[in-house]
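Enquirer: fold the following for me, if possible:
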Amino acid sequence: MDDDTRALAAVAYGEGSTGNVFEEMAAIANVLVRQQKARGYKTISAFIKADKTFAFAAHDGNQRHGKLIKASAEEIAKDPGMSDAVRGARNALDPSGTDYSNGAYFWDGADIKSNYDKHPKVKAGIHITDPKHNIYDIKDKDVPGEEWWRNAQGQKTKLRGKWDYKYESTAAYGGTIFWKYNAAFVKATNNKEYD
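Expert: Predicted structure coming up:
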């Protein structure tokens, strides 16, 4: 197994829930590869090493991450969770692989429920697009915003666009909800889809 596959599989395994849900780990791997490409990193290993905002498991002493990083091919083959993480990583690295995240650039675990009122995504506005995504039984939260064209003096001249929330769900598996930006927010602000 090459370094990129192992690095990606280890993060997917570490970030995924302990239920070892293949689709969850595969979708996390899909998001990481999408972010790597959007941010211009040549390899997934370089992205994981440099960008600590997405791959917490690679930097915070996560035991599951460490277990897969150190595991032999034989140990991985005998462990269904690690094997599925590797399969999910290979899928994400394959340009013709399945996108289990459905176009997501972000994900959240249980803290979106336990820290709902203070959670950065909730404070920016969230919308669950399919009841199947609502694994934590959380409420949609509208946080309307608008963006204006401005003149040289900084005065508003013309409305660029409005949005009701920044994030919308794309999928959910295991203990993870996947998100992308609301298209209305991206269009109004000219924000990058991945930032």
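
Enquirer: bridge partners for the closest residue to residue 126 other than its chain neighbours, pull those for me.
Expert: Nearest residue to residue 126, sequence neighbours excluded (C-beta to C-beta, 6 or more residues apart in numbering): residue 167, at 4.8 Å. (C-beta placed from N, C-alpha, C; glycine too.) Listed by DSSP bridges, the beta-bridge partners for residue 167 are residue 126, residue 181.

Enquirer: in contact with residue 167, which residues?
Expert: The contact partners of residue 167, by C-beta atoms under 8 Å, 6 or more residues apart in numbering, come to 106, 121, 124-127, 179-182.

Enquirer: go on, residue 1?
Expert: 9, 73, 76, 86.

Enquirer: which residues touch the third one?
Expert: Residues counted as contacts of residue 76 (C-beta under 8 Å, 6+ apart) are 1, 68, 82-83, 86.

Enquirer: on that earlier part again, neighbour-wise, give me the winner out of the contacts of residue 167.
Expert: residue 179 (27 neighbours; other C-beta atoms under 10 Å).

Enquirer: next helix or strand past the helix or strand harbouring residue 75?
Expert: Residue 75 is located in helix 73-78, with elements delineated by DSSP states H and E. Remark: after helix 73-78, the chain's next helix or strand is helix 80-93, criterion DSSP H and E.

Enquirer: just checking, what packs against that next one?
Expert: Applying 3 or more C-beta pairs under 8 Å, 6 or more residues apart in numbering; DSSP states H and E, one finds that helix 80-93 contacts helix 3-15, helix 22-38, helix 63-70, helix 73-78.

Enquirer: mind checking which of those helices is nearest residue 92?
Expert: helix 22-38 (3.6 Å; C-beta to C-beta).
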